[in-house]
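>>> quick one, fold the following:
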Amino acid sequence: MTPRRSLKSLLPLACLALPCAAWAAAPQAASATIKVNQLGFLPGAAKFAVVPDGKAASFTVVQAGTDTVVKTGTLAPGKAAPEAGDKVRLADFTGLATPGRYQVRVAGLPDSPPFDIGPAVFQPVNAAAIKAFYFNRNSTALDEKHAGAYARAAGHPDTRVLVHASAASPARPAGTVISSPKGWYDAGDYNKYIVNSGITTYTLLAAFEDFPELFKGQDLNIPESGNALPDLLDEALWNLEWMLTMQDPADGGVYHKLTNLKFDGMVMPDQAREPRYVVQKTTAAALNFAAVMATASRVFAPYEQHVPGLSAKMLAAAKAAWQWARANPGVYYQQPKDVATGEYGDKDVSDEFGWAAAELFITTKDPAYYGAMKAPALKATVPSWAQVDGLAWMSLARHRKTLGSAVDQALVANRIDTLSASLARGWKASAYGITMQPADYVWGSSAVALNQAMVLAHGYRLTGKREYLDAAQAGLDYALGRNALGTSFVTGFGTKLPLHPHHRPSEADGIAAPVPGWLVGGPQPGQQDKNDCPVAYLSALPAKSWLDHGCSYASNEVAINWNAPLVYVTAAIQALTPGGASTQH
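As a prediction, the model looks like this:
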């Protein structure tokens with residue numbers, strides 16, 4: 001997998017909260033602890049903990065903080081996990097469905113972190129994961145009423161953005177000033193990228209299409225709360241409105257990114273004042289844009305009274321971008337010499353063509369788009385910003401009952417079921433009982449686990465195979481603590497959790513706790529930032545190569561495309577698992 005950005009040179013960073021020496025000298029003895037989802041489980045969910053292999057053969061589950069035993073069980077046989085350098089056993093307490101707060105206990109080990117069982121256990125993290133996008137809004141101040149302690153001044157108005165030489169056209173020569181406000185800061189930096197916005201915004205819209213009842217009553221306390229749109233769609237619209245400004249009205253092409261020439265320092269948004277540019281039109285940007293606008297057009301169509309003309313505007317924009325991409329099928333991003341920010345470069349856009357065609361077909365029902373998808377040749381893979389073919393198949397599966405005879409229904413089912421079955425096989429074979437395999441510990445590994453879970457949720461909805469739902473649950477368990485580090489990778493949620501994400505507002509705002517609701521990248525052995533960090537990684541093993549420090553853009557950055565599957569999967573597990581609350585309030 002290609003890293004999501006070119007490597008950065010960082011300003012020197014002070015160690016946060018703990019002195020550098022103390023932090024480096026206090027490695028967590030993760031191998032000697034019980035790992036479990038630190039939030040909890042719905043009553044009808046599969047429930048597992050990971051226990052270090054040892055002399056104990058059994059486990060108990062106790063009411064948290066007491067000796068009151070509510071369940072006993074036998075540990076599974078030990079199994080080696082080379083990616084983590086340990087041998088572990090699984091504790092299965094699926095049968096425990098009574099709401100309460102519990103811990104897993106094994107003789108000779110500390111009790112597990114506490115966790116809850118209840119019908120709405122994932123509603124808070126789902127809301128926080130969506131609100132993280134609000135906290136990363138560009139071009140606006142965050143007021144205390146909606147942001148609380150994380151209120152901040154506006155930065156990067158983006159109302160006077162320069163056309164870079166790489167993006168120049170007859171109608172907009174280099175130096176032309178355009179207005180391109182709104183959108184979300186992409187990650188820990190302050191730039192905006194169409195390619196990464198594509199999969200991000202789509203995933204949020206997909207969550208709404210699949211589980212609308214979870215979101216229609218949700219109040220996120222954002223400025224738009226209480227209007228006619230569900231808050232999730234209000235938040236998505238903030239970014240969609242920016243994306244629309246990135247299309248050249250003269251030809252339908254789409255600029256690849258809006259960015260400084262180099263990364264801002266570790267400052268608050270209002271302290272970052274470098275000139276901003278739109279950079280190069282690319283085929284990948286046009287196709288991501290077309291796919292997302294086609295999706296958004298159908299999602300917002302029922303809200304015509306509240307946003308008149310928006311659905312039609314989005315569909316027209318999608319068609320124009322599609323036509324530009326068809327006329328310019330091989331315009332790949334090439335980083336200009338004077339630009340040093342993230343690239344999101346991709347020289348194989350066959351998957352983007354397939355995805356955009358699928359979304360346009362679903363929205364318009366024009367069979368010519370389905371033909372352009374070239375379905376028999378299009379693979380289905382776990383989605384990432386650079387590989388989006390799986391999104392096409394998930395959308396076709398979602399809408400399969402309305403698409404008529406133009407679609408090969410058996411092929412749609414086969415693509416989703418085959419990919420889900422492959423992930424489920426890995427889940428069954430894993431020592432940790434997760435879908436993550438050694439090769440999956442790449443840049444943004446936490447999001448890999450959640451994108452795998454998103455695929456499995458689609459597989460479960462399509463086939464009803466319970467093992468797919470249980471494997472999807474395991475992906476969420478991984479992100480929330482059932483991993484080799486025994487760490488929840490979501491800020492603000494869990495017992496052991498990231499305190500120092502690579503996220504400029506969280507580092508520069510003077511507040512000890514980071515902005516909540518962000519999924520950090522997670523362990524991966526590349527350690528591309530080790531020369532920029534004042535402390536060392538504690539392990540080079542793929543499943544443990546993680547550094548909770550603001551310097552670590554390779555393992556501890558946040559990113560919008562990583563948070564989007566956290567939104568989707570927490571909604572899916574809440575909606576699909578027996579015993580889950582059906583609506584959020």
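>>> and the closest residue to residue 210 other than its chain neighbours, what is it in contact with?
Counting by Cβ to Cβ, 6 or more residues apart in numbering, residue 210 lies nearest to residue 398, which is 6.3 Å off, once chain neighbours are set aside. Where C-beta positions appear, they are placed from N, C-alpha and C, glycine not excepted. Each residue near residue 398 by Cβ atoms under 8 Å, 6 or more residues apart in numbering is listed here: 206, 209, 210, 458.
>>> am I right that the first one sits in a strand?
No - with DSSP: H, G, I helix; E, B strand; the rest coil as the criterion, residue 206 is located in helix rather than a strand.
>>> the residue lying closest to it once chain neighbours are set aside - how many residues pack around it?
Among residues not flanking residue 206 along the chain, residue 568 sits closest, at 6.4 Å (Cβ to Cβ, 6+ apart). Residue 568 has 26 neighbouring residues, counting by other Cβ atoms under 10 Å.
>>> touching, residue 147 and residue 137? I think so.
No - the pair residue 147 / residue 137 is not scored as a contact, 9.7 Å apart, by Cβ atoms under 8 Å.
>>> more crowded one of those two?
residue 137 (22 against 19).
>>> show the pLDDT at that one.
pLDDT for residue 137: 98.
>>> how close does it sit to residue 144?
According to Cβ to Cβ, to the nearest Å, residue 137 and residue 144 sit 15 Å apart.
>>> next: residue 453.
From residue 453 across to residue 144, the span is 35 Å (Cβ to Cβ).
>>> more crowded one of those two?
Remark: of residue 453 and residue 144, residue 453 carries more neighbours, 32 against 10, as counted by other Cβ under 10 Å.
>>> my guess is that one contacts residue 480. True?
No - assessed by Cβ under 8 Å, residue 453 is found out of contact with residue 480, at 11.4 Å.
>>> can you give me the strands for the stretch 351-500 of the chain?
Under the criterion DSSP state E, counting those that start in this stretch, the stretch 351-500 of the chain contains no strands.
>>> and the strand or helix carrying the residue nearest to residue 206, what does it pack onto?
When elements are assigned from DSSP states H and E, residue 568 belongs to helix 560-576. Helix 560-576 is packed against helix 123-135, helix 194-210, helix 212-216, helix 445-463, helix 466-479, with contacts defined by 3 or more Cβ pairs under 8 Å, 6 or more residues apart in numbering; DSSP states H and E.
>>> with distance to residue 315 added, can I get these in a markdown table?
Formatted as a markdown table, those follow (distance: least, Cβ to Cβ, whole Å):
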| stretch | distance to residue 315 |
| --- | --- |
| helix 123-135 | 24 |
| helix 194-210 | 14 |
| helix 212-216 | 20 |
| helix 445-463 | 24 |
| helix 466-479 | 32 |
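>>> how about these, which one is nearest residue 363?
In terms of Cβ to Cβ, the element of the helices and strands packed on helix 560-576 nearest to residue 363 is helix 194-210, at 11.6 Å.
>>> next, the buried residues of the closest one.
Residues 194-208, 210 are the ones in helix 194-210 that count as buried (16 or more other Cβ atoms under 10 Å).
>>> kindly report the same for stretch 467-484.
467-484.
>>> name the helices or strands packed onto the top helix by length along the chain?
Criterion DSSP state H: the longest helix present in the chain is helix 409-429. With contacts taken as 3+ Cβ pairs under 8 Å, 6+ apart, helix 409-429 sits against helix 389-398, helix 445-463, helix 466-479.
>>> now the angle from the second one to helix 409-429?
If you take axes from the mean of the first three to the mean of the last three Cα atoms, to 10 degrees, helix 445-463 sits at 130 degrees to helix 409-429.
>>> tell me which other helices or strands helix 445-463 touches.
Using 3+ Cβ pairs under 8 Å, 6+ apart, the elements in contact with helix 445-463 are helix 194-210, helix 389-398, helix 409-429, helix 466-479, helix 560-576.
>>> now these as TSV including distance to residue 519 and mean pLDDT?
Converted to TSV, the helices and strands packed on helix 445-463 look like this (distance: least, Cβ to Cβ, whole Å; pLDDT from 0 to 100):
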stretch	distance to residue 519	mean pLDDT
helix 194-210	12	98
helix 389-398	19	98
helix 409-429	19	97
helix 466-479	7	98
helix 560-576	5	98
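>>> what's the most distant pair in the contacts of residue 398?
Spatial extent of the contacts of residue 398 (Cβ to Cβ) is set by the pair 209 and 458 at 11.5 Å.
>>> ok, now how distant is residue 209 from residue 373?
Where residue 373 is concerned, residue 209 sits at a distance of 19 Å (Cβ to Cβ).
>>> same check on residue 476?
Distance of residue 476 to residue 373, computed by Cβ to Cβ: 31 Å.
>>> got it, and residue 62?
In this view, residue 62 and residue 373 are 54 Å apart by Cβ to Cβ.
>>> try residue 98
48 Å.
>>> which of the two has more neighbours?
residue 373 (23 against 10).
>>> tell me where the stretch 201-350 of the chain has strands.
Remark: strands assigned in the stretch 201-350 of the chain by DSSP E, counting those that start in this stretch are 255-259, 277-281.
>>> which residues outside the last one are in contact with it?
Right, the one you point to is strand 277-281. 161-164, 166-167, 178, 180, 246, 248, 253-261, 324, 328, 331, 333-334, 336, 339.
>>> what about the stretch 1-150 of the chain, any weak spots by pLDDT?
1-30 (pLDDT under 70).
>>> ranges for the strands of it?
35-36, 40-41, 48-52, 58-63, 69-74, 79-81, 86-92, 100-105, 115-117.
>>> now the longest one and strand 69-74, what's the angle there?
Per the same axes, to 10 degrees, the angle that strand 86-92 makes with strand 69-74 is 130 degrees.
>>> can you tell me the strand partners of strand 86-92 and which way each runs?
strand 48-52 (antiparallel), strand 79-81 (antiparallel) (DSSP bridges).
>>> can you say which of those is nearest to residue 110?
Across those, closest to residue 110 is strand 48-52 (Cβ to Cβ), at 10.8 Å.
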